[in-house]
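Chemist: I'd like to go over a predicted model; first the sequence, then the structure.
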Amino acid sequence: MTSLEPAFTEPLLRGRFGRPYLYLARTETTQRMLDAAQPEGAVAVTDEQTEGRGRMGRRWDAPAGSSLLVSTLLRPPPERRAAELTLLAGVCVAVVVERATGLAAQVKWPNDVMLDRRKVAGGLAELKDGAVVLGIGINVNQRPGELPAEAKVPPGSLYSVTGREYERGPILADLLLELERRYDAWREDGLASLYEDLGARDFLRGRRVSHGGVVGTAQMITHDGRLAVTTESGLVVVESGEVSLER
Ligand code: BTN
């Protein structure tokens, strides 16, 4: 499989995201390769992270060359909630995974992408000097034994679900174009611009979930990107964090 170095990947890029395209064969985390001095749409990519970061202080691990590890620098306007960017990333990844695999993908609020009930991707939005570094990890060619064993949500990769190997460069180029288009629309119209596509892929809706000890049934994601849960004591709106599935 081809590496993601610029010689292979840059010719595939069609939009303004990915300019500049910063690549390191190995780095601690792509989140640290970008800073607010970079132009919006600057992208950092690696084939291997030694200190990959997940949400809630977790690690994000993947064998070298197996997955997509990418961060993008964004400067959202002050009237937008940066927290919505993980939902935006989720919809973009789901759409791109669907195009690559031909299977339906879902977004598990607030930041996971699910394929065949397995988490195949995650997004992480971090603030840096007024800009946002939006990191995305997609498990592409990991074999089942290479996926994190102790993950909270059952992990998967495009390979483990479909039995096929994928070239990562075309998926990355498709993702950057999808991100750019949806980000531009979100800048203009906020979450309304992706609400329908998000709702059509809402993994949690109707499922029994728990959050901070409260158990209930997940409702639609609200128009401002929060998660509504009906519980015995009424409707609870979850702001952030993580919900677990109840059996
Ligand atoms: C999660 O689901 O917990 C979010 C995972 C985000 C992983 C990506 S991989 C590229 C970027 N660099 C990191 O260290 N983390 C993000």
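Modeler: Arrived safely, thanks for sending. Residues are numbered from 1 along each chain as shown.
Chemist: Can you tell me the SS state at Ala44?
Modeler: In terms of secondary structure, Ala44 is strand; the call rests on DSSP: H, G, I helix; E, B strand; the rest coil.
Chemist: Residues of this structure that sit close to the ligand?
Modeler: Residues of the chain that fall close to the ligand, judged by Cβ under 6 Å from any ligand atom: 29-31, 49, 52-55, 58, 60, 69-71, 111-112, 122-124, 135-137. Where C-beta positions appear, they are placed from N, C-alpha and C, glycine not excepted.
Chemist: Among those, which lie within strands?
Modeler: Counting by DSSP state E, the part of the residues of the chain next to the ligand found in strands is Leu69, Val70, Ser71, Asp112, Gly122, Gly123, Leu124, Gly135, Ile136, Gly137.
Chemist: Okay, and the beta partners of the second one?
Modeler: Spelled out, it's Val70. According to DSSP bridges, the residues that bridge with Val70 are Val45, Ile136.
Chemist: what's it in contact with, if anything?
Modeler: Thr30, Val43, Ala44, Val45, Gly135, Ile136, Gly137, Leu172, Leu175, Leu176 (Cβ atoms under 8 Å, 6 or more residues apart in numbering).
Chemist: now for the residues you listed, which pair is the farthest apart?
Modeler: Pairwise distances across the contacts of Val70 (Cβ to Cβ) peak at 14.7 Å, for the pair Gly137 and Leu176.
Chemist: ok, those two, which is more surrounded?
Modeler: When Gly137 and Leu176 are compared on other Cβ atoms under 10 Å, the one with more neighbours turns out to be Leu176, at 28 against 25.
Chemist: Helices of the protein, residue ranges please.
Modeler: Ranges of helices within the chain are 6-9, 84-101, 158-162, 168-189, 195-199, based on DSSP state H.
Chemist: Would you mind putting those into JSON lines with mean pLDDT alongside?
Modeler: Formatted as JSON lines, these follow (pLDDT from 0 to 100):
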{"stretch": "helix 6-9", "mean pLDDT": "96"}
{"stretch": "helix 84-101", "mean pLDDT": "98"}
{"stretch": "helix 158-162", "mean pLDDT": "98"}
{"stretch": "helix 168-189", "mean pLDDT": "98"}
{"stretch": "helix 195-199", "mean pLDDT": "97"}
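Chemist: buried set for stretch 127-146?
Modeler: Counting neighbours by 16 or more other Cβ atoms under 10 Å, one finds that the buried residues in stretch 127-146 are 131-142, 146.
Chemist: actually stretch 112-123, not the one I typed
Modeler: Along stretch 112-123, these residues count as buried under the neighbour rule (16+ other Cβ under 10 Å): Asp112, Val113, Met114, Leu115, Arg118, Lys119, Val120, Ala121, Gly122, Gly123.
Chemist: Taking the residues you listed, tell me the two that lie furthest apart.
Modeler: Arg118 and Gly123 (16.3 Å).
Chemist: pLDDT weak spots in the protein?
Modeler: For the chain, the stretches with pLDDT under 70 are 247.
Chemist: Grab the most central residue of it for me.
Modeler: Centroid-nearest residue in the chain, with Cα atoms, centre = their mean: Gly123, separated by 3.1 Å.
Chemist: For the residue lying closest to that residue once chain neighbours are set aside, the count of nearby residues, please.
Modeler: Nearest residue to Gly123 in three dimensions, chain neighbours excluded: Ala89, at 3.6 Å (Cβ to Cβ, 6 or more residues apart in numbering). Burial of Ala89, expressed as a neighbour count using other Cβ under 10 Å, amounts to 27.
Chemist: got it, and Asp189?
Modeler: Neighbour count of Asp189, defined by other Cβ under 10 Å: 12.
Chemist: give the contact list for Thr2.
Modeler: Residues in contact with Thr2, defined by Cβ under 8 Å, 6+ apart, are Phe8, Glu167, Arg168, Gly169.
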